[in-house]
Every structure is written in structure tokens, then in C-alpha cells.
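**Student:** I would like to see how this sequence folds:
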Amino acid sequence: MKKSFLNFIKGKFLVNDDAFSNWRFIIFLSLLALVMIGSSHTADKKVHRIAALNNKVKELKSERLDLRKQVTQLKMESKITAVMLKKGLVPSETPPQVITIINKEN
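**Tutor:** Numbering: from 1, shown residues only. As a prediction, this is how the structure comes out:
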């Protein structure tokens, strides 16, 4: 047991007669480790991108609500009247008249 452990530590399994199969297995494990590291990095990049996009969505929703509030306030009759007063236009004192057209052909 002690001798086989020492042979393993010294690396004799890499230079003995059946070393080719050992090298193939080591290369396979190395490639597998590289693939795992690469996929881990790719997954991390995607997670960071998703988090950034979620933050961007929250910001845009907030901006949309602010703009919607501003538009609602601008559409108020009092705001429109104030703007028109600055331009010299005043609201009419008389209400609009409804014009009805009677179709005599029927």
C-alpha cells in the first residue's frame, strides 16, 4: 500500500507501460474541467445580464409612471386654461350650441 502510494506521488503511473490509457483519461478530465469552467462563466454572465435588464425594466417603469402623471396633469382643464390665458385666449362665456340636422328624405 505504501509503495503504491509513493509510486503514485512520484508519477510513475504516467511513464509505465500502460501510461497511454492514463494520459487519455487525464486529458479527458482536463477537457471536461475546461468545459465546466466555460459553462459556469457563461451562466454567470447571463445571470448578471438578467439582473441588469431587470434593473433597467424597473427604471423604465418608474419613468413611464412619472411621464403618465405629467401627461395627466397637463390634460387638466385648469392647466390648459392657464396656458391659454398666457397666450391671450380666454374661455367662452356662452356654452356651445348643438346643431341638429333633420333628414327629411325618410
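
**Student:** Show me the shaky parts of the protein.
**Tutor:** Scanning the chain for pLDDT under 70 picks out 106.

**Student:** In it, where's the longest helix?
**Tutor:** Secondary structure of the chain per DSSP state H: the longest helix is helix 19-74.

**Student:** how far away is the most centrally placed residue in the chain from Glu59?
**Tutor:** With distances taken as Cα atoms, centre = their mean, the residue of the chain nearest its centroid is Leu53 (2.1 Å). Distance, Leu53 to Glu59, using Cβ to Cβ, to the nearest Å: 11 Å. For every residue, glycine as well, the C-beta is placed using N, CA and C.

**Student:** neighbours around Ile26, how many?
**Tutor:** Ile26: 13 surrounding residues under other Cβ atoms under 10 Å.

**Student:** wait, what's in contact with it?
**Tutor:** Ile26 makes contact with Leu14, according to Cβ atoms under 8 Å, 6 or more residues apart in numbering.

**Student:** make it 10 Å
**Tutor:** Residues in contact with Ile26 (Cβ atoms under 10 Å, 6 or more residues apart in numbering) are 13-14, 19.

**Student:** Of these, which is the nearest to Arg64?
**Tutor:** Leu14 (64.2 Å; Cβ to Cβ).

**Student:** so the closest one sits right up against Ile27, yeah?
**Tutor:** No. In this structure Leu14 lies outside contact range of Ile27 using Cβ atoms under 10 Å: 11.7 Å.

**Student:** And Ala52, how close does it get to Lys86?
**Tutor:** Counting by Cβ to Cβ, the separation of Ala52 from Lys86 is 44 Å.

**Student:** ok, the two, which is more surrounded?
**Tutor:** Legend: neighbour count by other Cβ under 10 Å for Ala52 and Lys86, higher for Ala52 (10 against 7).

**Student:** for Glu105, helix, strand, or coil?
**Tutor:** coil (DSSP: H, G, I helix; E, B strand; the rest coil).

**Student:** ok, it - how many residues close by?
**Tutor:** Neighbours around Glu105, by other Cβ under 10 Å: 3.
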